[in-house]
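>>> The following comprises the amino acid sequence and a computationally predicted model.
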Amino acid sequence: MKPVIDHIQITVQDMAVAVPFYDKLLALLGFDVKRKVVATVEAHEFDVVEYPHPDLAFGINSPRASLAQESIHRRKPGTLHHLAFKADSREEVDRLHRELVAIGAPIVGGPQVWPQHGPDYYAVFFKDLEGLKYEIVFSEQGH
C-alpha cells in the first residue's frame, strides 16, 4: 500500500466562523469550493462541510455540544499538531503567503527556510481563525 491520505476531517468550534474561512483557504489550495457538500450526520449529532478534490477530500465538522467551548491546543493528546500542504516552488509559497494575508489568516512564521527541517525546507506557517495550525512547504528534497 502507498501511504496516501484519502481525506481529512477536522472539528472546528464554530461552523459560522470556519466555513467562510475554509471556503477562501481551500480555494487557494486548489479545491473547487463550488463542489462542497453540506450535510448533517444525525446519528452522530454533527454538521459537516466536505470539500472534494481528486487528490484529497477535506472536511470540517461541528463539535459535540458538550465539548464546543473547550480550548483548541495543538499539544493536547489526540489533537492534530498541524497539517502541511506541499507547494511546487518557493515562488508558490510566497504567492500563497500573500494570499493568506489577504484572507486574514494569522501568519505564525515565514515564508523562509526552516533549517531544522532540512537545508532547503521553505515554508510559511499559519493558523485558521480558531487557532488550528497549517503549513505550506516546498523542499527540493521532497520532505
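Nice, thanks for sending it over.
>>> give me the number of residues near L28?
The burial count assigned to L28 is 16, neighbours taken as other CB atoms under 10 Å. (C-beta placed from N, C-alpha, C; glycine too.)
>>> Nearest residue to it in space, ignoring adjacent ones along the chain?
Distances taken as CB to CB, 6 or more residues apart in numbering put E99 closest to L28, at 5.1 Å, once the chain neighbours are dropped.
>>> Let me know the distance separating H73 from T79.
Taking CB to CB, to the nearest Å as the measure, H73 and T79 are separated by 7 Å.
>>> And these two? Which one has more around it.
Ranked by neighbour count (other CB under 10 Å), H73 and T79 place T79 first, with 12 against 8.
>>> How about the backbone phi and psi for that one?
Backbone geometry at T79, expressed as degrees, to the nearest 10, gives phi -110, psi 140.
>>> Check the gap between it and S62 for me.
From T79 across to S62, the span is 17 Å (CB to CB).
>>> Please apply the same query to V93.
31 Å.
>>> Now do the same for the residue nearest to I8 when sequence neighbours are not counted: helix, strand or coil?
Nearest residue to I8, sequence neighbours excluded (CB to CB, 6+ apart): F58, at 5.5 Å. Counting by DSSP: H, G, I helix; E, B strand; the rest coil, the backbone at F58 sits in strand.
>>> Pretty sure F58 sits against L26.
Yes: the pair F58 and L26 passes the contact test of CB atoms under 8 Å, sitting 6.1 Å apart.
>>> Looking at the two, which is more packed in?
Taking other CB under 10 Å, F58 and L26 do not tie; F58 has more neighbours (21 against 18).
>>> what residues are up against that one?
7-9, 22, 26, 31, 50-51 (CB atoms under 8 Å, 6 or more residues apart in numbering).
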